[in-house]
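> Provide a 3D model corresponding to the input given below.
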Amino acid sequence: MGSTADKVKGVADQVVGNVKSGIGSVTGSDKMKIEGEAQKIKGKAEVAVGNAKTAIKKTADDVADAVKSKL
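So this is what the prediction gives:
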């Protein structure tokens, strides 16, 4: 998955997790609340992976540009 797809999926998981957690709080369902919190954490991790991929690609591009300019 590309960095943008990771970020989009991560944000979507955070939103769904937030909804699940809220429903769990309103209905008194500890299971739903815990599932929501877990999904929010998963979403944050996916966004972080996407950000890391973007940073790695930018660094690789910068290195390639620096090498090309020296040739």
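
> CA atoms for contacts and neighbours, from now on please.
Fine.

> Helices of this structure, residue ranges please.
3-27, 30-70 (DSSP state H).

> Turn those into CSV, including mean neighbour count.
CSV is the format used below for the helices of the chain (neighbours: other C-alpha atoms under 10 Å):
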stretch, mean neighbour count
helix 3-27, 18
helix 30-70, 16
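
> Dump the ones you listed to a markdown table, plus mean pLDDT.
What follows is the helices of the chain, written out as a markdown table (pLDDT from 0 to 100):
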| stretch | mean pLDDT |
| --- | --- |
| helix 3-27 | 97 |
| helix 30-70 | 96 |
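
> Other residues contacting stretch 13-20?
M32, K33, E35, G36, E37, A38, Q39, K40, I41, K42, G43, K44 (C-alpha atoms under 8 Å, 6 or more residues apart in numbering).

> and the two most separated of those residues?
Of all pairs drawn from the contacts of stretch 13-20, the greatest distance, 18.5 Å, lies between M32 and K44 (C-alpha to C-alpha).

> Next up, the contacts around the residue nearest the centre of the chain.
Nearest to the mean C-alpha position of the chain, by C-alpha atoms, centre = their mean, lies V47 at 1.7 Å. Residues touching V47, when contacts are defined by C-alpha under 8 Å, 6+ apart, comprise D6, K7, V8, K9, G10, V11.

> Between which two of these is the distance greatest?
For these, the maximum inter-member distance is 8.6 Å, found between D6 and V11 (C-alpha to C-alpha).

> From V15, how far off is A52?
Using C-alpha to C-alpha, to the nearest Å, one gets 21 Å for the distance from A52 to V15.

> With just CA atoms, put stretch 46-65 into CSV.
What follows is stretch 46-65, C-alpha atoms only, in CSV (Å, rounded to 0.1, in the frame of the first residue of the first chain):
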residue,chain,number,x,y,z
GLU,A,46,-1.4,3.3,9.9
VAL,A,47,-1.1,7.1,9.6
ALA,A,48,2.4,6.9,11.1
VAL,A,49,3.4,4.2,8.6
GLY,A,50,2.1,6.4,5.8
ASN,A,51,4.1,9.4,7.1
ALA,A,52,7.2,7.2,7.4
LYS,A,53,6.9,6.0,3.9
THR,A,54,6.6,9.6,2.7
ALA,A,55,9.7,10.6,4.7
ILE,A,56,11.7,7.7,3.3
LYS,A,57,10.7,8.5,-0.3
LYS,A,58,11.5,12.1,0.2
THR,A,59,14.9,11.3,1.6
ALA,A,60,15.7,8.8,-1.2
ASP,A,61,14.6,11.4,-3.8
ASP,A,62,16.9,14.1,-2.1
VAL,A,63,19.8,11.7,-2.1
ALA,A,64,19.2,10.8,-5.8
ASP,A,65,19.0,14.5,-6.7
